[in-house]
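Okay, sequence plus prediction incoming.
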Amino acid sequence: MGFRKAVSILAISTTLALALSGCTSDKPAPSASPAPTSNTAEDSNDARLEELGLDSNLKFKETRKIKVEIYDRGNDGGTKPEDNFYTQYIKDGMLRDHNVDVTFVPVPRWTEGEVINNLLAGNQAPDIGLTYSYPTIQTYANMGGILDLGPIVEANKDLLPDMWDYLTEANIYWDKDPDTGTLWALESRLNVLNRINTFVREDWLKKLNLQAPTTLQEFESMLIAFKDNASTLLGNDADKMVPFSTSFDIGWRADHLTSSFVPNEMTDKDIFTLGFDDRHFLFPNYKEGIKTLNKWYNEGLIWKDFSLYPAGDVTEDNLMKMGYVGAFIHNWDYPYRNGDDSIHASLQRQVGPDAAYIAIEPFANDAGVYKKFLSGPVDRKIFFPATNKEPIASLFYVNWISKLENRVFLQFGEEGVTHEALPDGSLKTIATTGEKIMNSPANIDYTITSNGLDLGDPDKTVKSIANGYAGVDAKFIETASQITTHDGLVGKNTNVGEIKAEDGQGQALKEKRDTILNKAVVASVDKFDSVYDSGMKDYLGSGGQAIIDERTAAWEKYFGNETMLK
């Protein structure tokens, strides 16, 4: 009943909004500073606000209540994600500015897809949800479980200036169906396209008189040298040597290696039809990259227990901190994160001040290009379940969290406590504990429309990123930042509407992919082909091929015989 009532109100509001601000405006003026209008327009505006239960300051006359999803990362030493200094800042601000009472609902970060599925299935999802899995949203949208945001955001465009200004039409309409016009989610903004890097122990290279590898063969030779010189590098702990480490998420953790086997001339059409798996599992020649890992595993170059530990487990991190791991591929700044508890800081305490991981670039493709497949400038998907009875209050939340001053505070916290302002205008974080500690880097779990630092000034932002790693020499960050996007290919928005074959398949195919890759890497060399090929056959037969076929047909419908987007 609440959903139908909201849509009815919003349908009426659309006509009034057209008269006020024009629905084609990219950046509507904030309602607090309206252009001169006729008395008729002013009366219409008053009537509209009255209909929505708002006063002239966009505060609800009666307190509204909404629930907002928040990731629970289970941090040691962290705070309750739903009740801490930063949630209170948001709650106070929303109550002050819009008379909206906010309650946070924690969802485990590492199983968020499964948990959101269960909450939606039980009609218990919070009013504002977020997930990295668009197929999950599409599945429940098809069952009537997701609110169509299209008419709501358009009708209320002038009430949401910060959201429109920050996300822009590109991210707001990224997922808009080109045929039906439905909009099941808003795409948050990925400010920094940095993705992953390959890291090696710089001190081990120096100790063995090796240069940083720039080719696959040099990288392999380096791993062999680490193994053969375990006693020199680790002394009495030589038996703990791990030349190369990875995790159960092979697709993510080996991406720079596997991507180097993908032909350089892969087309936009290929990327679209095969790229629904974000680990590039279906890209041509991907198998050869996994075969390389299989070879290394059987030669004792890869951590033998990598597949035993689930997401969120810290065993691998601890091996790095203790100084046993020679190389790995991970998030672009992974060793430098988390201040005093970072891999970098722990390693230097354990081993010595010269011990460090440095980013390198060893994997070139068939054209000699170190191509990295980067995502588009989108991140988490923000959606409202159909059970949301307060869509306007929820949109005010999205707008409030997009406001520059609110984003900057959440990203950096209090001056003198969690950051300091430097003379060049940049900000530098200060490692802290207690109530003002951040449970996620730059509080990205609260800045749901934003992932990655953004101070509203590109120069200050870049400098602040470099400042943000306590106890880490800037050279490590600068090198990592430069390499992670070098020869990068940024993802394009190929919006062809819903791919029905993907409905309900996201989690199932993800799990199949991870299982296939784990089994293939640890298989004996003579069994690799049969394990990989039978797994791929099962993956394709379980829905993968149907998705490829439908995506191919959709491409041809909208782009014809073109293979590259203009």
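Looks like it came in fine.

from here on, contacts and neighbour counts on C-alpha atoms
Fine.

From the rest of the structure, what touches the helix or strand Arg551 falls within?
Taking DSSP states H and E as the definition, Arg551 sits inside helix 545-559. The contact list for helix 545-559, computed with Cα atoms under 8 Å, 6 or more residues apart in numbering, reads Lys269, Phe272, Thr273, Leu274, Val496, Ile499, Lys500, Ala501, Glu502, Tyr539, Leu540.

How many residues are close by the third one?
Other residues lying near Thr273 total 21 when counted by other Cα atoms under 10 Å.

Next SSE downstream of the strand or helix carrying it?
If you go by DSSP H and E, Thr273 is part of helix 268-274. Counting by DSSP H and E, the element after helix 268-274 in chain order, helix or strand, is helix 286-298.

Tell me the gap between that following helix and the middle of its chain.
Chain-centre distance of helix 286-298: 27 Å, with Cα atoms, centre = their mean, to the nearest Å.

how about the next helix or strand after that helix: buried residues?
Using DSSP H and E, the helix or strand that follows helix 286-298 towards the C-terminus is helix 315-322. Of the residues in helix 315-322, Glu316, Asp317, Leu319, Met320, Lys321, Met322 count as buried by neighbour count, 16 or more other Cα atoms under 10 Å.

How about the contacts made by the last one?
Applying Cα under 8 Å, 6+ apart, we find Met322 in contact with Ser346, Leu347, Gln350, Val351.

Out of the residues you listed, which sit inside strands?
Judged by DSSP state E, the contacts of Met322 include no members of strands.

quick revisit: report the two of the contacts of helix 545-559 separated the most.
Farthest apart among these by Cα to Cα are Val496 and Tyr539. That separation is 23.5 Å.

Which other helices and strands does the helix holding Thr273 contact?
Contact partners of helix 268-274 among helices and strands, from 3 or more Cα pairs under 8 Å, 6 or more residues apart in numbering; DSSP states H and E: helix 545-559.

buried set for the helix it packs on?
Quick answer for helix 545-559 (16+ other Cα under 10 Å): Gln545, Ala546, Ile547, Ile548, Glu550, Arg551, Thr552, Ala554, Trp555.

ok, the residue lying closest to Ala225 once chain neighbours are set aside - how many residues close by?
Nearest non-adjacent residue to Ala225, counting by Cα to Cα, 6 or more residues apart in numbering: Leu208, 8.0 Å away. Using other Cα under 10 Å, Leu208 has 14 neighbouring residues.

And the residue nearest the centre of this protein?
Centroid-nearest residue in the chain, with Cα atoms, centre = their mean: Asp379, separated by 4.6 Å.

Name the helix or strand for that one, please.
Per DSSP H and E: strand 378-383 holds Asp379.

Name the spans of this protein whose pLDDT lies under the cut-off.
1-41 (pLDDT under 70).

what about the strands in it?
For the chain, the strands defined by DSSP E occupy 64-72, 100-108, 129-131, 186-190, 196-201, 242-245, 325-331, 357-360, 372-374, 378-383, 419-421, 427-429, 450-451, 488-490.

can I get those in JSON lines with distance to Leu301?
Converted to JSON lines, the strands of the chain look like this (distance: least, Cα to Cα, whole Å):
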{"stretch": "strand 64-72", "distance to Leu301": "34"}
{"stretch": "strand 100-108", "distance to Leu301": "33"}
{"stretch": "strand 129-131", "distance to Leu301": "35"}
{"stretch": "strand 186-190", "distance to Leu301": "35"}
{"stretch": "strand 196-201", "distance to Leu301": "14"}
{"stretch": "strand 242-245", "distance to Leu301": "5"}
{"stretch": "strand 325-331", "distance to Leu301": "10"}
{"stretch": "strand 357-360", "distance to Leu301": "18"}
{"stretch": "strand 372-374", "distance to Leu301": "24"}
{"stretch": "strand 378-383", "distance to Leu301": "34"}
{"stretch": "strand 419-421", "distance to Leu301": "41"}
{"stretch": "strand 427-429", "distance to Leu301": "37"}
{"stretch": "strand 450-451", "distance to Leu301": "35"}
{"stretch": "strand 488-490", "distance to Leu301": "28"}
